[in-house]
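*Asks:* Could you look at this predicted model? Sequence included:
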Amino acid sequence: MWKLKRDGYSNATIEHYGKFLKSLLKKGVDLMNPESVKDVIATQDRWGNNTKCLVVAAYHSFASFNEIHWKPPKYKPTRKLPFIPLEKEIDALIVYCGKKTATRLQLLKETGMRIGEALKLKWIDVDLERKIIALNNPEKHGNPRAFKISDKLVAMLNRLPKTNDKLFGKTSVAIAVSNFYNQRKRAVTKLQNPRLLRITFHTLRHWKATMEYQKTRDILHVMKLLGHKNINNTLIYTHLINYETQDYHSATADNVQEARKLVESGFEYICTTNDIMLFRKRK
C-alpha cells in the first residue's frame with residue numbers, strides 16, 4: 001500500500017486495492033501463489049466481471065511489487081447504464097440521514113464530485129459568502145473546477161463542526177460509505193422505498209451529470225462539470241435523458257430575488273407573463 005502511495009495512486013484506489021487483497025486472504029488465498037489467486041477469483045459467483053477486473057488489478061500490483069510472474073486472467077468489464085433516481089428520492093434520503101452524511105449527499109448532488117474529492121475539501125476551499133467551492137484536488141487526473149452552491153448547502157456547511165482544516169474531518173472513504181449505508185437502510189425501512197438501496201455516493205454524480213445534460217444539451221459543459229479529460233467518459237449521459245420523466249414542478253416569481261432562489265434550487269426559467277416569471281423543474 002505504501003508503494004502505491006509513493007507511486008501516486010489516489011487514496012480511494014489504495015483503499016480499494018487493500019480491501020480486495022484482504023478479501024482474498026480471508027478466502028484462504030496464498031498471495032505468493034498466483035494460481036491460487038486465479039482459482040479463487042474464478043469461483044466467486046457473487047463477483048461480477050467488473051469486480052473481478054478490479055481484484056485482478058489489485059493483485060497485479062501486489063505481484064509486480066513482489067516480483068511474482070503470473071499471467072492475469074482475462075475478464076471483460078461490462079458497462080451498464082447507471083441508475084438515475086428521482087430528485088425527490090434523493091431529497092428524502094438526505095432528510096433521513098445524519099448531519100454530516102446529509103451534508104455530503106447535498107454537496108455531491110449539487111456539484112457531481114466524487115466522494116473522495118469531497119472528503120479532501122478544506123475550509124480554505126470554501127467561500128461561504130460568495131457561495132463558491134473550489135475543487136483543487138480532483139481524483140483520477142481530473143481537472144480542477146469551481147462550483148456555485150445553494151443557500152441550503154451553505155446553511156448545512158455552517159452547521160458542521162470546524163474541528164480541523166477539513167470540511168468532514170479525517171473521515172476515510174470506507175467509513176463515510178459504511179455510515180451512509182447504515183443510514184440508508186434505516187431510511188428504506190421508514191420510507192418503504194427499496195429503490196433507495198440503489199443510491200450510492202457515486203449515483204449523485206450520475207444524477208447531476210444527467211440533469212445538466214437534460215437542461216443544457218451541452219456535452220462539453222457536462223464534461224467540464226465532471227472534470228473529465230476524455231469526452232468518451234461523458235457521452236454515456238446522452239443516453240440517459242430518454243429515461244427521464246416528462247413531468248414537471250412549476251413555480252412563479254414576482255421579483256429578481258424570488259427568481260434567483262428558484263434558479264439556485266434547480267428551476268428553469270420559461271417565460272414572463274403579466275409581470276409574473278414562470279419556472280419549471282423536472283420531478
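*Replies:* The structure has been received and is ready for your questions. This structure is a prediction, so every number in the text was calculated from the model and none was measured.

*Asks:* distance of N255 from M277?
*Replies:* 9 Å (CB to CB, to the nearest Å). C-beta coordinates here come from the backbone N, C-alpha and C atoms, glycine included.

*Asks:* of these two, who's got more company?
*Replies:* Per other CB atoms under 10 Å, whichever of N255 and M277 has more neighbours is M277, with 19 against 9.

*Asks:* OK, contacts around that one?
*Replies:* By CB atoms under 8 Å, 6 or more residues apart in numbering, the contact list for M277 reads 252-254, 258-259, 269, 271.

*Asks:* how about 7 Å then?
*Replies:* Going by CB atoms under 7 Å, 6 or more residues apart in numbering, M277 touches 252-253, 259, 269.

*Asks:* Would you mind naming the residues that bridge with it?
*Replies:* On the basis of DSSP bridges, M277 is bridged to A253, T272.

*Asks:* pLDDT at it, what is it?
*Replies:* For M277, the pLDDT comes out at 89.

*Asks:* same for the helix or strand containing V55, what does it pack against?
*Replies:* With secondary structure defined by DSSP states H and E, V55 is part of helix 49-65. Helix 49-65 sits against helix 11-26, helix 34-42, with contacts defined as 3 or more CB pairs under 7 Å, 6 or more residues apart in numbering; DSSP states H and E.

*Asks:* Would you mind pulling the contact partners of that helix?
*Replies:* Counting by CB under 7 Å, 6+ apart, residues outside helix 49-65 touching it are 3-4, 16-17, 20-21, 31, 34, 37, 41, 70, 72-73, 75-78.

*Asks:* One more pass at 8 Å, please.
*Replies:* So helix 49-65 is contacted by 3-4, 16-18, 20-21, 23-24, 31, 34, 37, 41, 44, 47, 68-70, 72-73, 75-78 (CB under 8 Å, 6+ apart).

*Asks:* any idea of the angle that helix forms with helix 11-26?
*Replies:* Orientation check (axes from the mean of the first three to the mean of the last three CA atoms, to 10 degrees): helix 49-65 against helix 11-26 gives 90 degrees.

*Asks:* Buried residues of helix 49-65, list them for me.
*Replies:* For helix 49-65, burial by neighbour count (16 or more other CB atoms under 10 Å) applies to 51-56, 58-63.

*Asks:* try stretch 12-28
*Replies:* For stretch 12-28, by 16+ other CB under 10 Å, it's 12-17, 20-21, 23-24.

*Asks:* any chance of those in JSON lines, with pLDDT too?
*Replies:* Formatted as JSON lines, the buried residues of stretch 12-28 follow (pLDDT from 0 to 100):
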{"residue": "A12", "pLDDT": "77"}
{"residue": "T13", "pLDDT": "85"}
{"residue": "I14", "pLDDT": "89"}
{"residue": "E15", "pLDDT": "87"}
{"residue": "H16", "pLDDT": "87"}
{"residue": "Y17", "pLDDT": "93"}
{"residue": "F20", "pLDDT": "95"}
{"residue": "L21", "pLDDT": "96"}
{"residue": "S23", "pLDDT": "95"}
{"residue": "L24", "pLDDT": "96"}
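
*Asks:* So which elements touch the one helix or strand L204 maps to?
*Replies:* Element membership for L204, per DSSP H and E: helix 201-216. On a contact count with 3 or more CB pairs under 8 Å, 6 or more residues apart in numbering; DSSP states H and E, helix 201-216 meets helix 87-96, helix 99-111, helix 173-191, helix 219-226.

*Asks:* Export the helices and strands packed on helix 49-65 as JSON lines, with columns for distance to T238.
*Replies:* As requested, the helices and strands packed on helix 49-65 are exported to JSON lines (distance: least, CB to CB, whole Å):
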{"stretch": "helix 11-26", "distance to T238": "26"}
{"stretch": "helix 34-42", "distance to T238": "34"}
